[in-house]
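Undergrad: Let me see the structure of the following:
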Amino acid sequence: MSEEPKPDRTLDCLGLFCPVPVFQTRQALDKIARGEILEVLVDDPAAEGDIPSLARRLNVKVLKMEKKDNTIRFLLQK
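TA: From the prediction side, this is the model:
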């Protein structure tokens, strides 16, 4: 089993609700270089569909999405 890639940056959107997590994720993705990995932590259930949708629109790869308790963690590679 391969090791999980280490994120270059982490964006903590816990406690924030739509559309703020998507907006902040877009801003963070704009600031990182191609190939870098952004970790996004959210607890807004809407983000489960919104973040992957944003990634598709921006041609960003969703490397991982995991849910643990009320937190959803994304690894996005630009």
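
Undergrad: Might one say that residue 33 is in contact with residue 78?
TA: Yes. The pair residue 33 / residue 78 is scored as a contact, 7.0 Å apart, by C-beta atoms under 8 Å. No exception for glycine: its C-beta is placed from N, CA and C like everyone else's.

Undergrad: which of these two has more neighbours?
TA: A count of neighbours by other C-beta atoms under 10 Å puts residue 78 above the other of residue 33 and residue 78, at 19 against 7.

Undergrad: Now do the more buried one against residue 52, distance only.
TA: In this structure, residue 78 and residue 52 are 15 Å apart, going by C-beta to C-beta, to the nearest Å.

Undergrad: For residue 73, which non-adjacent residue is closest in space?
TA: Ranked by C-beta to C-beta, 6 or more residues apart in numbering and with sequence neighbours excluded, the top spatial neighbour of residue 73 is residue 66, at 5.1 Å.

Undergrad: any idea whether that neighbour is helix, strand or coil?
TA: Look at residue 66: counting by DSSP: H, G, I helix; E, B strand; the rest coil, its state is strand.

Undergrad: To what extent is it buried, counted in neighbours?
TA: Using other C-beta under 10 Å as the criterion, residue 66 is surrounded by 10 other residues.

Undergrad: This structure: helices as residue ranges?
TA: Taking DSSP state H to define them, one finds helices in the chain at 20-31, 47-58.

Undergrad: what's the closest of those helices to residue 14?
TA: Evaluated with C-beta to C-beta, the helices of the chain place helix 20-31 nearest to residue 14, the distance being 9.2 Å.
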